[in-house]
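Peer 1: Turn this into a structure:
(one chain, ligands or ions: 1)
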Amino acid sequence: MTLTAIPIAPDIYWVGAIDWAVRNFHGYTTHRGTTYNAYLIIDEKITLIDTVKKGFERELLERAASVVDPAMIDHIISNHSEPDHSGTLREVVAAVKPEKVFASVMGQKALARHFGDIGCPVTAVKDGERLSLGRRTAAFMETRMLHWPDSMFTYLVEDRILFSQDAFGMHLATAERFDDELPWDLLERMSSDYYANIITLYSPHVAKLLEKVAAAGLSLSMVAPDHGPIWRDMTRFEQVVENYRNWSARKLARKAVVLYDTMWHATEKMARYIADGIAAGGVKAEVMPLGSCSRSDVASMMIDAAALVAGSPTLNNNVYPSLADALTYLRGLKFRTPVGAVFGSYGWSGEGNAQLKEYLASMNCEVVGEVKTQYAPDAGTLAACRELGLKVAAKVKELVPE
Ligand code: FEO
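Peer 2: Have a look, this model is predicted:
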């Protein structure tokens with residue numbers, strides 16, 4: 001018995017791999033694992049779209065072999081050079097011996113830099129170029145910086161299937177291959193987490209891409225990304241596009257993220273009173289203790305947050321290392337979060353707040369207030385924390401219409 005290909009349309013198969021175990025995807029905590037999707041098109045030129053992460057090549061080849069002898073594959077199209085999709089290109093090329101490998105102009109360069117000689121020359125295809133597979137036509141669309149310079153989509157004209165590499169995907173390992181076999185709430189949450197952690201930085205490009213796709217007037221029967229389920233319920237996919245529009249436009253909610261870590265529960269206690277003040281002020285408070293959640297959990301929560309309230313003890317004249325880690329990650333993703341505040345406890349030197357303020361300033365986040373206390377917060381400090389929460393809530397309500 002072997003792993004098998006899953007038909008997604010006549011003569012078109014999913015031949016990817018399911019990574020049930022991965023929990024750290026280059027720093028992104030993938031609570032539900034992921035899939036590396038690859039697709040096989042049986043036509044006069046048998047064509048494989050994308051490969052899988054290193055270690056999963058046998059799975060891809062075994063699934064492909066359930067349909068056709070892999071040695072019969074003529075073409076490989078590499079939509080994206082990141083190693084979760086191209087890391088087994090050399091091994092797959094060695095097994096398949098394809099006639100040609102295709103990638104975007106930037107993809108051709110990137111594959112050479114990543115993998116050197118993959119055992120087959122890579123042919124660069126330009127934006128808008130078409131390739132006949134026999135009865136079918138593959139049309140290529142560059143999607144530079146979505147999310148790498150090499151990224152491109154492949155549209156299968158006759159079947160109206162868009163192979164969208166990372167775009168519209170999610171890190172979610174499931175036995176089901178299609179969106180309509182899974183609950184919408186789960187898909188929307190995982191898609192939102194994926195956008196927050198992978199795509200937020202490139203939001204200005206998303207708006208342009210959505211315009212480009214709309215201008216191309218593509219009729220879609222299916223959207224097949226490189227991670228997670230394949231979209232075949234186009235009503236749901238329209239909602240995904242609408243979500244991308246809102247996330248890329250940074251549509252904010254009346255929501256504040258209270259991010260903190262703690263040594264001896266003093267900063268933690270302050271966080272609780274600040275959150276209480278935010279909620280009392282009519283704004284949703286999401287408390288993220290870094291001892292119990294990861295930097296990417298925080299990023300997921302930040303997707304529509306209008307405020308970031310950061311708290312840290314001072315440790316060895318610095319912010320707590322977990323705060324430096326999470327804030328560096330958030331800064332890199334360039335969340336545009338207009339309202340900020342800081343808080344923390346210290347023993348004798350107390351550099352924590354000042355360093356938190358520097359982080360927030362570098363994220364263009366206006367610090368509207370702070371609370372700082374030596375050792376443990378007394379009643380006055382806790383009252384100040386609640387006041388700070390109310391102040392943050394008032395500012396959020398001023399900026400975000402109901
Ligand atoms: Fe799934 Fe950008 O790689």
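Peer 1: Who are the contact partners of whatever residue of the stretch 301-402 of the chain ends up closest to the ligand?
Peer 2: Per CB to the nearest ligand atom, residue 333 is where the stretch 301-402 of the chain lies closest to the ligand, at 14.5 Å. Backbone N, C-alpha and C define where each C-beta goes, glycine included. Taking CB atoms under 8 Å, 6 or more residues apart in numbering, we find residue 333 in contact with 196, 197, 200, 201, 299, 302.
Peer 1: Quick one: residues contacting the residue nearest to it when sequence neighbours are not counted.
Peer 2: Nearest non-adjacent residue to residue 333, counting by CB to CB, 6 or more residues apart in numbering: residue 200, 4.4 Å away. Shown in contact with residue 200 (CB under 8 Å, 6+ apart): 247, 299, 303, 333, 334, 335.
Peer 1: Derive a ChimeraX selection command for the buried subset of those residues.
Peer 2: Per 16 or more other CB atoms under 10 Å, the buried members of these correspond to this ChimeraX selection:
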select :247,299,303,333,335
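Peer 1: and the contacts of residue 200 as a markdown table, adding secondary structure and pLDDT?
Peer 2: Below are these laid out as a markdown table (DSSP: H, G, I helix; E, B strand; the rest coil; pLDDT from 0 to 100):
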| residue | secondary structure | pLDDT |
| --- | --- | --- |
| 247 | helix | 97 |
| 299 | helix | 98 |
| 303 | helix | 97 |
| 333 | helix | 97 |
| 334 | coil | 96 |
| 335 | coil | 93 |
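Peer 1: Check which helices and strands the helix or strand where residue 393 lies sits against.
Peer 2: Counting by DSSP states H and E, the element that carries residue 393 is helix 379-399. Counting by 3 or more CB pairs under 8 Å, 6 or more residues apart in numbering; DSSP states H and E, the packing neighbours recorded for helix 379-399 are strand 255-260, helix 266-280, strand 307-311, strand 339-346, strand 366-374.
Peer 1: Please repeat the previous calculation with a cut-off of 10 Å.
Peer 2: Judged by 3 or more CB pairs under 10 Å, 6 or more residues apart in numbering; DSSP states H and E, helix 379-399 is in contact with strand 255-260, helix 266-280, strand 284-289, strand 307-311, strand 339-346, strand 366-374.
Peer 1: among the helices and strands of the protein, which has the poorest mean pLDDT?
Peer 2: Ranked by mean pLDDT, DSSP states H and E, the weakest helix or strand in the chain is helix 203-216, scoring a mean of 90.
Peer 1: Quick check: buried residues in that helix?
Peer 2: Result for helix 203-216 [16+ other CB under 10 Å]: buried residues 203, 205, 206, 209, 210, 212, 213.
Peer 1: follow-up on the earlier one: next, find the distance separating the residue nearest to residue 333 from residue 85.
Peer 2: According to CB to CB, to the nearest Å, residue 200 and residue 85 sit 20 Å apart.
Peer 1: Residue numbers of the stretch 251-400 of the chain in contact with the ligand?
Peer 2: Residues of the stretch 251-400 of the chain that fall close to the ligand, judged by CB under 6 Å from any ligand atom: none.
Peer 1: ok, now the stretch 101-250 of the chain?
Peer 2: 147, 148, 166, 226, 227.
Peer 1: which residue sits closest to residue 370, ignoring its sequence neighbours?
Peer 2: residue 342 (4.7 Å).
Peer 1: quick one, phi psi at the residue of the stretch 201-350 of the chain found nearest the ligand?
Peer 2: Closest contact between the stretch 201-350 of the chain and the ligand, by CB to the nearest ligand atom, is at residue 226 (5.3 Å). Dihedral pair for residue 226: phi -90, psi -10, per degrees, to the nearest 10.
Peer 1: so who does it touch?
Peer 2: Taking CB atoms under 10 Å, 6 or more residues apart in numbering, we find residue 226 in contact with 16, 34-39, 49-50, 52, 79-80, 82, 84-85, 163-169.
Peer 1: any idea how far residue 152 is from it?
Peer 2: Going from residue 226 to residue 152 by CB to CB gives 12 Å.
Peer 1: likewise residue 83?
Peer 2: With CB to CB as the criterion, residue 83 and residue 152 are 17 Å apart.
Peer 1: which of those two has more neighbours?
Peer 2: residue 152 (27 against 16; other CB atoms under 10 Å).
Peer 1: from memory residue 26 sits against residue 171, does it?
Peer 2: No. With contact defined as CB atoms under 10 Å, residue 26 does not reach residue 171; the gap is 11.2 Å.
Peer 1: what about the closest residue in space to residue 336 that isn't next to it in sequence, neighbour count?
Peer 2: Nearest non-adjacent residue to residue 336, counting by CB to CB, 6+ apart: residue 250, 5.0 Å away. A total of 16 residues lie near residue 250 under the criterion other CB under 10 Å.
Peer 1: ranges for the strands of the stretch 51-200 of the chain?
Peer 2: According to DSSP state E, counting those that start in this stretch, the stretch 51-200 of the chain carries its strands in the segments 75-77, 100-104, 122-125, 130-132, 137-142, 152-156, 161-163.
Peer 1: shaky segments in this protein?
Peer 2: Under the criterion pLDDT under 70, no range of the chain is flagged.
Peer 1: Tell me which residue in it sits closest to the ligand.
Peer 2: residue 82 (3.6 Å).
Peer 1: Apart from its chain neighbours, what residue comes closest to that residue?
Peer 2: Nearest residue to residue 82, sequence neighbours excluded (CB to CB, 6+ apart): residue 148, at 6.1 Å.
Peer 1: The one you found reaches residue 83, doesn't it?
Peer 2: No. Counting by CB under 10 Å, residue 148 sits too far from residue 83 to count as a contact (11.1 Å).
Peer 1: What degree of burial does residue 116 show, as a neighbour count?
Peer 2: Around residue 116 there are 9 residues (other CB under 10 Å).
Peer 1: In contact with it, which residues?
Peer 2: residue 90.
Peer 1: What separation do you get for it and residue 38?
Peer 2: 22 Å.
Peer 1: ok, now residue 303?
Peer 2: 29 Å.
Peer 1: Residue 325 too?
Peer 2: From residue 325 to residue 38 the distance is 33 Å (CB to CB).
Peer 1: Neighbour count for these two, which is higher?
Peer 2: Between residue 325 and residue 38, counted using other CB under 10 Å, the more crowded position is residue 38 (28 against 16).
Peer 1: The more buried one against residue 15, yeah?
Peer 2: Yes. Look at residue 38 against residue 15 with CB under 10 Å: they come within range, at 5.1 Å.
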